[in-house]
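Build the 3D model from these lines:
(chains A, B and C)
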Amino acid sequence: MVLSARAEELKKSIQRRRTLDRVFHTIFLLATSVSTVTLVIIYLTLGLESFNFFSQVSIIEFLTSTKWTVLFADKHFGILPLLNATMLTSLIAIAVAAPLGVMIALYLSEYASATTRSIVKPLVETLAGIPTVVYGYFALYFLTPSLLKPLFTGVQSHNALAVGLMIGVLIIPIVASISDDAMKVVPADLRLAAYAMGARKSDVALRVVLPAALSGVSASIILAFSRATGETMIAVIAGGFRSVLSFNVGDSMETMTAFIAQVATGDAPHGTIEYQSLFAVGLFLLLITAVLNYIGIKVVKRWAIRY
Amino acid sequence: MMANPKMVGLILTFLLVGGVVGYITGWYIAGSSMTGRGLTVTETRFVGEGAKTSTITERVTVTVHGLTQTTGPLAGDILIDGSSTVYPITEAVAEAFMKTYPAVKISVGISGTGGGFKRFIMGETDINDASRPILMSEAQTAEANGIRWIEIPVAIDGLVIVVNRENDWVECLTFSELKKIWEPESTVTKWSDIREGWPDEPIRLYGPGPDSGTFDYFTERVIGKLKASRTDYIASEDDNVLVAGVEGERYALGYFGYAYYPNAAAKIKIVAVRDDSIPDASCVTPTDETVSSYKYPLSRPLFLYVNKRSWDEKPWLREFVYFYLENGERFVKQVSYTPLPSNYYKMAVATLKAGITDGLYSLSQISMWKNAGPH
Amino acid sequence: MGNQILIGTGRRGVKLKKILDKLLPFILSIAVFIAVATIVSLLITLITTGGHRLSWNLILNYPSSNPEEAGMRSAILGSIFTVGLSALICIPLSIATAIFLVEYSRGGRLASILSYNISNLAGVPSVVFGVVGLGFLAYGLGMGRTVITGAFTLAVLTLPLVTVTCVEALKTVPDDLRQGAYALGATTVQVVRRVVLPRALPMMLTGGILGISRALGEAAPILVVSGLLFIREDPVSLFSKFTVMPLQLYNWISRPQPAFVELSSAGIIILLLILLALNALAISLRQLLVRRMEQLWR
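Sure, this is the predicted structure:
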């Protein structure tokens, strides 16, 4: 079919736009793959040295022994003390951050005036920007002696409770910010419909908006939990390096990340079993994170409400 | 009218960002006559006066910040890495050296003794700060890479045993008692387990983490086996934290580097130590004098390991090391460490200047280890 | 869901509901109060311990063993340089990733796998990034222990956070606008460029600033990658040696001399001021963009 000059122009312009679109598609795909490629590189690096590690240490011992004394003369390689510390501190952190974060988000999206919001939201976001080294020392020199020791007996100078609380404060903005954004996007119709049925503001907030935003809220909690398990410096400074299995949160305990930091910045000569152990612990932590994230996503999918 | 915090924020932003940007711009403009190292050699070199044995003295004209000045005879880079224990001494020396010779650029890292050695035995660094002698495995790798080194003790780090200020029952502990408390599978949980008549209260232990030189030294010296220790004590890499810990617990017992004691003397109580493996040994309290003269049995040497090739090829590095040793006593004291005996430093410099680069360890008369590294 | 609202219609229920309704904003604001109280107590602690050590020396001088003369100059410049570079790498990557996940592969299988990977990346400890950065970038690729290696390490560290924020930003743009544009025959690029991005940009900025704030405060990965602390020259090229503020502060606080501990507090105040300025910058930029957008669409 012969087209007029104008139509030819249009046809070419459309084709150009389509190719441009495909080019951009590829560019964006490449950009996205950077994170996956990075993850693969990390897994490979950790995996290679872990392979060396596990050719000398039995996986059974690694997973079941309750003693972790890798840096001492009498070496035991049970990850449980470290895993326990990581889980305890992260659970305390999320127990603090999830309710507080959601509460802040609800407040910001439903109750705060524009002025209040413009002050409070950046303030909360500042919490995430404070260097973790500062949090660590704040927990050690202020939180524990002035707050925790007077309140509870049996709290040591380094303890898991302080670490957990401080990490909790650190991750509040993650939950608050993302949940707030999720709540803001809940359509006005839902709110208005509830008001029309005679609901009060608290009903709307708790029973309409929160459930509607639940997928965003849960996504933020999962992200925050990942961040909590991966937090290093707070655990190093305020948790200490005592790698003993204990369920008393007033005790000093070493998390997986603290151990990795201890060896990575310490005196262990490279190529030794001590140094290789940091890769094994790192790999193990990543695998745990992957599993927890997977479970989290499945849970979120189940609870998501489509509107 | 808009809320004021926004205006304040905006003003603050512009001030700070503007200030920073202006500062950086100004710096780059001022430094535009500089090369990457910050100097431009604007005149030809000529061998000047005062040529010493195997030192080539050159006169170099340097443009720094637009001001031309004829500096001393030295210009070059020195890369130092290693122990964070030795770091404060090296930092003080480097700073002073660079004041006299601004054309020598010294950088100091804190990768740790082990991390530093890894770089050193690959030939990446000129000097390694070390809080322990080089290990056999590290020495072997160095040899394989063709790296030779000069081992130079530079200071002593004493190790102190401390208790809470309100502890009135401990004055002196013996090595056997310390070993009993700290050995792996130790059965000591209360003070009364250590010595008859001491309080029947649980003992709270504080100490450095197992990945530190202080720990290595303590275990080897007191318990008799490297890294052999009980694992249920409160461990921290930051000795300030250990001080605070012992200060806050009535029944605490801790150990850490002597350098942290002078500033904490008012907060905690120091314990004398007796090496009961030596007959007729007495309780020695750690002081500058007893540590420096090895009377106090818990002292460990701190080292510099210098790359031999850098030593041969870089005159400014040699000058730096001489400077380090000639002024060593002063700087070591300045950062709260303990210097080796005065005559050691003089002998060491003389030895090095005479071209002998071995055996400095024996000059220091440190009897802790029978020989120097490889250890 | 609707039934639950009817639960409060009995007489006693109504009274309880009334009380709850009045109380709820106060209960919620307790959370805000806790957050604010933490920041304030942190600031007070810092100011009381280190406030008297604030001086121009702290910014202009190089590190020294004399606390009266010591400054963070090389660390400040190193931080700005490295973090600035990492932002230049991270932010475009994050925006591109977010665009791909939301605009191009709307909730498909590929998108879920990719966002799962990003969540996993978020859980990697910062020190592991340092170890991998050292092994892979510095030694493996031969980039050395330099500014550029630090920048890439930090960029990858902040990538998940910024990406997730950008994804949320894109999700806040109402779908009708997109559909309308597509209905008019626009290509995805046009939709993104003219419809979606302008609206999402302010929030993406927030994400970028959050990422920069995090990167500015990281000590462990830089300790592993660079290891240097005492540098008396400014980083002038991509391949310069460098150090960063948190590292300097971490070292000062563990020195025996109390003067250094105080200096560390003062240095932290400076770091927080810089963070404050960055946040304020983000807010003002955000306002600007929002206002410009409102003008366009009026």
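
low-confidence ranges in the stretch 101-250 of chain C?
Flagging of the stretch 101-250 of chain C using pLDDT under 70 yields the residue ranges C:107.

what are the ranges of the strands in it?
In the stretch 101-250 of chain C, the segments counted as strands under DSSP state E, counting those that start in this stretch are C:228-231.

element containing B:Ser84, please.
Applying DSSP states H and E as the criterion places B:Ser84 outside every helix and strand.

Can you tell me how far it is from C:Asn120?
Separation of B:Ser84 from C:Asn120 (C-beta to C-beta, to the nearest Å): 33 Å. All C-beta atoms are positioned from the backbone trio N, CA, C, and that covers glycine.

Equivalent analysis for A:Met197, please.
42 Å.

Looking at these two, which has the bigger crowd around it?
C:Asn120 (23 against 12; other C-beta atoms under 10 Å in any protein chain shown).

what's the closest non-adjacent residue to that one?
A:Ala290 (5.2 Å; C-beta to C-beta, 6 or more residues apart in numbering or on different chains).

can I assume that neighbour is in contact with C:Asn117?
No: at 9.3 Å, A:Ala290 does not count as touching C:Asn117 under the criterion of C-beta atoms under 8 Å.

List the buried residues of stretch C:161-179.
By neighbour count on 16 or more other C-beta atoms under 10 Å in any protein chain shown, the buried set for stretch C:161-179 is C:161-171, C:173, C:178.

hang on, the earlier thing: what's the neighbour count on the residue nearest to C:Asn120?
Neighbours around A:Ala290, by other C-beta under 10 Å: 18.

Quickly find the element holding it.
Here A:Ala290 is assigned to helix A:273-303, by DSSP H and E.

Are the strand or helix carrying A:Leu39 and chain B in contact anywhere?
In the assignment (DSSP H and E), A:Leu39 maps to helix A:5-54. No: judged by C-beta under 8 Å from any C-beta of the partner chain, helix A:5-54 and chain B are separated, with a smallest distance of 14.3 Å.

contacting residues for C:Leu197?
C:Leu197 makes contact with C:Ile99, according to C-beta atoms under 8 Å, 6 or more residues apart in numbering or on different chains.

meant to ask about B:Ile223, not that
Counting by C-beta under 8 Å, 6+ apart, B:Ile223 has contacts B:Lys179, B:Trp182, B:Glu183, B:Ser229.

Now list the buried members of the residues you listed.
Restricting the contacts of B:Ile223 to buried positions leaves B:Lys179, B:Trp182, B:Glu183, B:Ser229, with burial counted as 16+ other C-beta under 10 Å.

Please name the nearest non-neighbouring residue to the first one.
It refers to B:Lys179. Counting by C-beta to C-beta, 6+ apart, the residue nearest B:Lys179 is B:Ile223, at 5.2 Å.

quick one: that neighbour from chain C, how far?
Distance, B:Ile223 to chain C, by C-beta to the nearest C-beta, to the nearest Å: 26 Å.

Same question for A:Ile172.
Distance of A:Ile172 to chain C, given as C-beta to the nearest C-beta: 6 Å.

A:Glu125 is in contact with that residue, correct?
No: contact between A:Ile172 and A:Glu125 fails when scored by C-beta under 8 Å: they sit 9.8 Å apart.

Next, count neighbours for B:Trp311.
19.

Doesn't it belong to a helix?
Yes: when classified by DSSP: H, G, I helix; E, B strand; the rest coil, B:Trp311 is found to be part of a helix.

my guess is it contacts B:Thr357, does it?
Yes: B:Trp311 is in contact with B:Thr357 according to C-beta under 8 Å; the separation is 7.1 Å.

So which bits of the stretch 151-300 of chain A are right by chain B?
Counting by C-beta under 8 Å from any C-beta, the residues of the stretch 151-300 of chain A close to chain B are A:156-158, A:236-237, A:240-244, A:252, A:254, A:262-263, A:265-272, A:274.

No further questions, thank you.
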